[in-house]
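**Student:** sequence and predicted structure are below.
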Amino acid sequence: MKETEIIDLRSDTVTLPTDEMLEAIRHANLGDDVFGEDPTVNQLQEMAAQRMDKEAALLVPSGTQANLVSVMSNTERGELVFLESQSHIYWYEAGGISSIAGLLPWPIKSETGAIDPYDLEAAVRPRNVHFPEPTLVCIENTHNRHGGTIMKPVQIESISQVAKEHGLKVHMDGARIFNAAIGLGVDVKEFTRHVDSLMFCLSKGLSCPIGSLVVGSREFIEKARRVRKVLGGGMRQAGVIAAPGIVALEKMVDRLREDHENARFLAEKIAKLDGIRLNLKNVQTNMVSFELDPAKTTDDIFLKELKENGVLALAQSKNKIRFVTHYGICREDVEKTASVVESVMSKKFLA
Ligand code: TLP
């Protein structure tokens, strides 16, 4: 990356399509996908289902819609959904789980993003006329607000066991499930085996411009197709979205390792700095989350100083900052970021 260019570490959603993706769009075979006739979409959906070891998959425009379609296809209005208290569905999806799906979200706190099976067990109340019917548990992997932490397959299995005992389904927001797989060095199927449905995004670390996939049983996907239509997500020549998705699944998964190495490098450099509280144990994939000591600086000042030095980051909460590494960010960029952070933190902003 040239010195004058901005180093954008706000999210892996800022990634641009590769030349091969743009070529694939140009040459894609297209059809009307509402009729199920787009061959490129059908190919991607088959690939996704196979990769996740499920029966079927459905292409939708965004991760938010993927979660909403999944949640609605697993429940009926008025029911109760357990989810982790910092989860994306609860925090960042504009309340669609309540306002559109008509569900009661029931947040459960956790240490690092993985709901403890004992806490789920304790939260499930006996079926009774007073209580909404509990039907679904949502997990998130990797966990965004916990800093890209991985929920291990064994943890998913334990949650799913408790869920099954109580007749609940499990949906996984796997927006970054390939980061989890690469981070642990296991096949992605290890993470999908114990969930009923999942979604994953093409438009994050995999670098596609648009698109997410909902994956599950054939019956579930049939319902999801109808729900997607209700939400206005039925698309026509959607092969233009699917074509780069195919390239992503074939070519962009293994390189996520590089993003993880860059995140680790950056985290280790800045964890040592005065005024930064960063738990290196939680740096497991492509995110670096940390807190700023409020006696030293605030997120507004910190982000402004960074921006003036050509680096962009996001505040996830008051004084909590997130960097995300991704395709297009190289070692030189994280080296520069580390030195910018060091010089910013060495200044005295607050009297
Ligand atoms: N997350 C975005 C923002 O919304 C915060 C980001 O920059 O990380 N699940 C998870 C775990 C996500 O991180 C996101 C996007 C989504 C779902 C929603 O995906 P989109 O943005 O495609 O609707």
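**Tutor:** That came through fine. Quick caveat: nothing in here was measured; it's all calculated off a predicted structure.

**Student:** how near is the residue of the stretch 1-150 of the chain at minimum distance from the ligand to Glu250?
**Tutor:** Here the residue of the stretch 1-150 of the chain nearest the ligand is Gly63; by C-beta to the nearest ligand atom that distance is 2.3 Å. For every residue, glycine as well, the C-beta is placed using N, CA and C. Separation of Gly63 from Glu250 (C-beta to C-beta, to the nearest Å) stands at 21 Å.

**Student:** pick out whichever of those two has more residues nearby.
**Tutor:** For Gly63 versus Glu250, neighbours defined as other C-beta atoms under 10 Å are more numerous around Gly63 (26 against 12).

**Student:** pretty sure the more buried one contacts Ala175?
**Tutor:** Yes - using C-beta atoms under 8 Å, Gly63 makes contact with Ala175 at a distance of 4.9 Å.

**Student:** please enumerate the shared neighbours of the two.
**Tutor:** His88, Met199, Cys201, Lys204, Ser212 (C-beta atoms under 8 Å, 6 or more residues apart in numbering).

**Student:** apart from its neighbours in sequence, what residue is nearest the first one?
**Tutor:** Closest residue in space to His88, ignoring its immediate chain neighbours: Asn144 at 5.3 Å, by C-beta to C-beta, 6 or more residues apart in numbering.

**Student:** tally of neighbours for that neighbour?
**Tutor:** By the measure other C-beta under 10 Å, the count of residues near Asn144 is 25.

**Student:** from here on, call the first residue 170.
**Tutor:** That works, and once the first residue is 170, the last one we named lands at Asn313.

**Student:** what residues are up against the residue nearest to the spatial centre of the chain?
**Tutor:** The chain has Ala344 as the residue nearest its centroid, 3.0 Å off, counting by C-alpha atoms, centre = their mean. Counting by C-beta under 8 Å, 6+ apart, Ala344 touches Gly232, His257, Glu309, Asn313, Met368, Phe369, Cys370, Lys373, Ser381.

**Student:** now do the contacts for the spatially closest residue to it that is not a sequence neighbour.
**Tutor:** Leaving aside its sequence neighbours, Ala344 sits nearest to Cys370 (C-beta to C-beta, 6+ apart; 4.4 Å). Cys370 is in contact with Gly232, Ala235, Ala344, Arg345, Gly380, Ser381, counting by C-beta under 8 Å, 6+ apart.

**Student:** in strands only, show me those residues.
**Tutor:** Judged by DSSP state E, the contacts of Cys370 include Ser381 as members of strands.

**Student:** take the contacts of Cys370 and lay them out in a markdown table including distance to Val355 and pLDDT.
**Tutor:** Below are these laid out as a markdown table (distance: C-beta to C-beta, whole Å; pLDDT from 0 to 100):
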| residue | distance to Val355 | pLDDT |
| --- | --- | --- |
| Gly232 | 23 | 98 |
| Ala235 | 23 | 98 |
| Ala344 | 18 | 98 |
| Arg345 | 15 | 98 |
| Gly380 | 25 | 98 |
| Ser381 | 22 | 98 |
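
**Student:** can you show me the strands along the stretch 370-519 of the chain?
**Tutor:** For the stretch 370-519 of the chain, applying DSSP state E, counting those that start in this stretch gives strands covering 381-385, 445-446, 456-461, 480-481, 483-486, 489-493.

**Student:** out of the ones you listed, which comes closest to the ligand?
**Tutor:** The ligand lies closest, by C-beta to the nearest ligand atom, to one member of the strands of the stretch 370-519 of the chain: strand 381-385, at 5.9 Å.

**Student:** same for that closest one, what does it pack against?
**Tutor:** Applying 3 or more C-beta pairs under 8 Å, 6 or more residues apart in numbering; DSSP states H and E, one finds that strand 381-385 contacts helix 208-221, strand 225-229, helix 232-243, strand 366-370, helix 387-399.

**Student:** who touches the longest one?
**Tutor:** Okay, so that is helix 208-221. Contacts for helix 208-221 (C-beta under 8 Å, 6+ apart): 197-200, 202, 205, 224-228, 357-358, 361, 367, 369, 382, 384, 407-408, 410-412, 414-415, 418.

**Student:** in that helix, which residues are buried?
**Tutor:** Judged by neighbour count (16 or more other C-beta atoms under 10 Å), helix 208-221 contains these buried residues: Thr209, Val210, Asn211, Gln212, Leu213, Gln214, Met216, Ala217, Ala218, Arg220, Met221.

**Student:** returning to what we had before: would a markdown table of the shared contacts of Gly232 and Ala344 with distance to the ligand be doable?
**Tutor:** Listed next are those as a markdown table, based on distance: C-beta to the nearest ligand atom, whole Å:
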| residue | distance to the ligand |
| --- | --- |
| His257 | 4 |
| Met368 | 8 |
| Cys370 | 6 |
| Lys373 | 7 |
| Ser381 | 6 |
